[in-house]
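*Asks:* coords please:
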Amino acid sequence: MIKHNTLGKYRWTICSLLFFATTINYLDRQVLSLLKPTLEEQFHWSNSDYANIASVFQFTYAISMLFAGRIIDKLGTKWGFAWALIIWSIGATIHGFAIPIGESVTACLGWVGIAAVPVSIAGFMFSRMILGIGESGNFPAAIKATAEYFPKKERSLATGIFNSGANVGAILAPLTVPWIAANWGWESAFFIIGGVGFLWLIFWFMFYEKPEHQKRLSAEELEYIQEGVDESKDVNSENAAEKLSWTKLLGYKQTWAFTVGKFLTDGVWWFFLFWLPAYLKDQYHMTGTSIILPLSVLYSMTMIGSIGGGWFPMYFIKKGYTPYDGRMKAMLMIACIPLVVLAAQPLGHISFWMPVLLIGVGASAHQAWSANLFTTVSDMFPKKSIASVVGIGGMAGGLGGVIVTKSGGALFDHYKALGHIETGYTIMFAFCAIAYVLAWSIMHLLVPKMKKIEF
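*Replies:* The predicted structure is shown next:
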C-alpha cells in the first residue's frame, strides 16, 4: 500500500493542462453564438441560416470525432493533442476572414455548377468546418491522458476538473467577446480568442510526456497511478486494440451504452451553448453587453456540476460499489436534476432570472453527467482503445447535436412567423429536461453490470 504523504502531485499538473485546453476549446466554439445578434443583423440571417452554420460545425465535429480518436490512439496523446489544437486555433481565427473566404468558396461552388450560397454563410460554414475538425480531438485526447495519468478511483474527479474548463470557457466568452466586438469589431473577437490556443502549446510541449517517460514523476506516484492494473495484461490488450476495427468495437454493448448516452444528451449542451444568447434576445430583447451578467451567472453554475459530479461517484465507491456501479448510481440521480428545466418557460414571465437560474441548474447537471459518462469508457475498455471509443460516442453526440440545432432553427422560424416563438423554446426545453433520464434507462438496459472488455 502506498502512503499518500509520499506521493507527488504531478498528475494534477497534467490535469491543469487538460483544463486549460478545454477552456480554450469552449471559448473558441462559443464566439459565434455570442455574435449572432450582430451578424444576423449585418448579414440578414434567419434562425435557419444560423442553424445551418452551427450544424456544419457539429456535423464536421461528429464525423471527425470518429477519426480523431483513432488518430490519437496512433499518434499518441502528446502529438495527437498538439495537432488538434493547432487545427482548431487556425479554424477559430479564420472566422475573422469569413467574407473573403466566402467569396472564394462561392466562386468555387459556382465553377462546379452548385447553386450559389450567400457569401457570409459560405465563409462561416467553411470556418466552422475547420474548427470542428480540430476541436474533435480535445476530448478523446484528454480522456486518454486522464487514463494514462490517474488511477481508476480518481479518474472521474480528474475528468470533472478538466471538463469544468468547458464551463470556464463558457463564462469567459460572454465576459470578453461582446466587449471586444463592441470596441474593436466582430472580426477582432475571432482573431484574439482564436490566437490564445497557440500559447497553450508551449506549456504542453514543456510538461507532457507519457508517465513511464516522465522525469518529473516520482516512482511512488507512478506506482500509485498504475495501482490495481496488471501492466502486462494491459499492454497485451493495447497491442490487440491496435488491430480492432470500428465494426469490432460496435459489437460490444459497452460501446453502444456510451454512444447512446452521448447521442441523447450532447445536443442539450450544444443547445445551451449555441441558442441561449438568441433566447435572451427573442424572449427578453437582450443583446450585446446586456447578456454578459445572466450568461456569466448561468455558466458559473455549471462549475458546481462539473467538479461535484466528478466527486459524487467516489461517495458510492467508498461504500463498496465498483467504480462503474457507483458511477451509474450517481448518474441516475444526476439525470433527474434537469427535469427542473420544464419550469423555465412557465416561470419566465416573473423575470428573466427564473429561466436563467433553472437552465443553469440543468446545464450544471449536464456537466456532472458528462464527467461520469466519459469515465465509463475507461472503466470498461483498455487504455489503447479509449480514444477510439470516445470518438465513436463523440460522433454520435455530434450528430445528436445537429438534429437538436436544426430542429431548433426550424421550430423558432416556424413559431416566430406565427407570433409565438416562445412555443418553440418550450418544446426544446422539454426535450432538454427529459433527455438524461431516457439516456440512463437505455444505458442501464445495455450494461446493467460492468464487465471489463478484454481483447
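*Asks:* Quick one: name whatever helix or strand follows the lowest-mean-pLDDT helix or strand in the chain.
*Replies:* Least confident helix or strand, the chain: helix 231-241 with a mean of 42, by mean pLDDT, DSSP states H and E. For helix 231-241, the succeeding helix or strand toward the C-terminus, using DSSP states H and E, is helix 246-249.
*Asks:* Might you calculate how far that following helix sits from the centre of the chain?
*Replies:* Distance of helix 246-249 from the chain centroid (C-alpha atoms, centre = their mean, to the nearest Å) equals 23 Å.
*Asks:* For that helix, give me every contacting residue.
*Replies:* 66, 70, 255, 385, 388-389, 392 (C-beta atoms under 8 Å, 6 or more residues apart in numbering). Heads up, the C-betas are built off the backbone N, CA and C, glycines and all.
*Asks:* out of those residues, which are inside strands?
*Replies:* Judged by DSSP state E, the contacts of helix 246-249 include no members of strands.
*Asks:* Reformat those into TSV and put neighbour count and distance to Asn52 next to each item.
*Replies:* Output for the contacts of helix 246-249, formatted as TSV (neighbours: other C-beta atoms under 10 Å; distance: C-beta to C-beta, whole Å):
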residue	neighbour count	distance to Asn52
Leu66	20	22
Arg70	20	28
Thr255	24	31
Ser385	27	35
Ser388	29	30
Val389	30	30
Ile392	24	26
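*Asks:* Relative to Ile53, which of these is nearest.
*Replies:* Leu66 (22.1 Å; C-beta to C-beta).
*Asks:* could you list every residue that touches that closest one?
*Replies:* Contacts of Leu66 by C-beta under 8 Å, 6+ apart are 246, 391-392, 394-395.
*Asks:* now swap in Phe97 and tell me
*Replies:* Counted by C-beta under 8 Å, 6+ apart, Phe97 has contacts 123, 127, 187.
*Asks:* can you redo those residues as TSV with distance to Gly288, secondary structure and pLDDT?
*Replies:* Below are those laid out as TSV (distance: C-beta to C-beta, whole Å; DSSP: H, G, I helix; E, B strand; the rest coil; pLDDT from 0 to 100):
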residue	distance to Gly288	secondary structure	pLDDT
Gly123	23	helix	93
Ser127	22	helix	95
Glu187	16	helix	95
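*Asks:* Buried among the residues you listed? Make that a PyMOL selection.
*Replies:* Provided next is the PyMOL selection string for whichever of the contacts of Phe97 are buried by 16 or more other C-beta atoms under 10 Å:
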select buried, resi 123+127+187
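*Asks:* so which of the contacts of Phe97 would you say is closest to Leu445?
*Replies:* Once C-beta to C-beta is applied, the member of those that ends up nearest Leu445 is Ser127, at 40.5 Å.
*Asks:* close enough to count as contact, that closest one and Ile101?
*Replies:* Yes. Here Ser127 reaches Ile101: they are 6.6 Å apart, a contact under C-beta atoms under 8 Å.
*Asks:* Not counting its neighbours along the chain, what's nearest Ala51?
*Replies:* For Ala51, ignoring the flanking residues on the chain, the nearest one in space by C-beta to C-beta, 6 or more residues apart in numbering is Gly409 at 2.6 Å.
*Asks:* Spell out the secondary structure type for that neighbour.
*Replies:* helix (DSSP: H, G, I helix; E, B strand; the rest coil).
*Asks:* That one: how many residues sit nearby?
*Replies:* 24 (other C-beta atoms under 10 Å).
*Asks:* returning to that earlier point: find the residues that touch each one of Ser127 and Ile101.
*Replies:* Ile94.
*Asks:* now the strand or helix carrying Leu332: how far from the chain's centre is it?
*Replies:* Per DSSP H and E: Leu332 is located in helix 323-336. Here helix 323-336 is found 20 Å from its chain centre; the criterion is C-alpha atoms, centre = their mean.
*Asks:* what about the strands in the stretch 151-300 of the chain?
*Replies:* Applying DSSP state E, counting those that start in this stretch to the stretch 151-300 of the chain gives no strands.
*Asks:* contacting residues around the residue nearest to Ala51?
*Replies:* For Gly409, counting by C-beta under 8 Å, 6+ apart, the contacting residues are 46-52.
*Asks:* and with 7 Å instead?
*Replies:* By C-beta atoms under 7 Å, 6 or more residues apart in numbering, the residues touching Gly409 are 47-48, 50-51.
*Asks:* can I get those residues in TSV with secondary structure?
*Replies:* As requested, these are exported to TSV (three-state DSSP):
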residue	secondary structure
Asn47	helix
Ser48	helix
Tyr50	helix
Ala51	helix
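*Asks:* These: which two are farthest apart?
*Replies:* Ser48 and Tyr50 (7.3 Å).
*Asks:* Compare the two (neighbour count), which wins?
*Replies:* Comparing Ser48 with Tyr50 by other C-beta under 10 Å, the one with more neighbours is Tyr50, at 26 against 16.
*Asks:* Quick check: nearest residue in space to the more buried one, chain neighbours excluded?
*Replies:* Closest residue to Tyr50 apart from its sequence neighbours, by C-beta to C-beta, 6+ apart: Lys36 at 5.8 Å.
*Asks:* residue boundaries of the helices in the stretch 301-450 of the chain?
*Replies:* Using DSSP state H, counting those that start in this stretch, the helices found in the stretch 301-450 of the chain span residues 323-336, 353-380, 383-417, 421-446.
*Asks:* among those helices, which is nearest Ile307?
*Replies:* helix 353-380 (8.2 Å).
*Asks:* Report the distance from that closest one to the chain centre.
*Replies:* Helix 353-380 sits 11 Å away from the centroid of its parent chain (C-alpha atoms, centre = their mean).
*Asks:* Next: stretch 429-446.
*Replies:* 18 Å.
*Asks:* which parts of that stretch are buried?
*Replies:* Within stretch 429-446, the residues scored as buried using 16+ other C-beta under 10 Å are 429, 431-436, 439-440, 443, 446.
*Asks:* Tell me the one of these nearest Asn163?
*Replies:* Distances from Asn163 to the buried residues of stretch 429-446, taken by C-beta to C-beta, are shortest for Tyr436, at 15.9 Å.
*Asks:* got the contact list for that closest one?
*Replies:* Tyr436 neighbours (C-beta under 7 Å, 6+ apart): 265, 335, 338, 369.
*Asks:* Now render those as a markdown table, adding neighbour count and pLDDT.
*Replies:* Below are those laid out as a markdown table (neighbours: other C-beta atoms under 10 Å; pLDDT from 0 to 100):
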| residue | neighbour count | pLDDT |
| --- | --- | --- |
| Thr265 | 26 | 96 |
| Ala335 | 23 | 95 |
| Pro338 | 26 | 96 |
| Trp369 | 27 | 92 |
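*Asks:* All the helices of the stretch 101-250 of the chain, residue numbers only.
*Replies:* With DSSP H, counting those that start in this stretch as the criterion, the stretch 101-250 of the chain has helices spanning 119-135, 138-149, 152-184, 186-207, 219-225, 231-241, 246-249.
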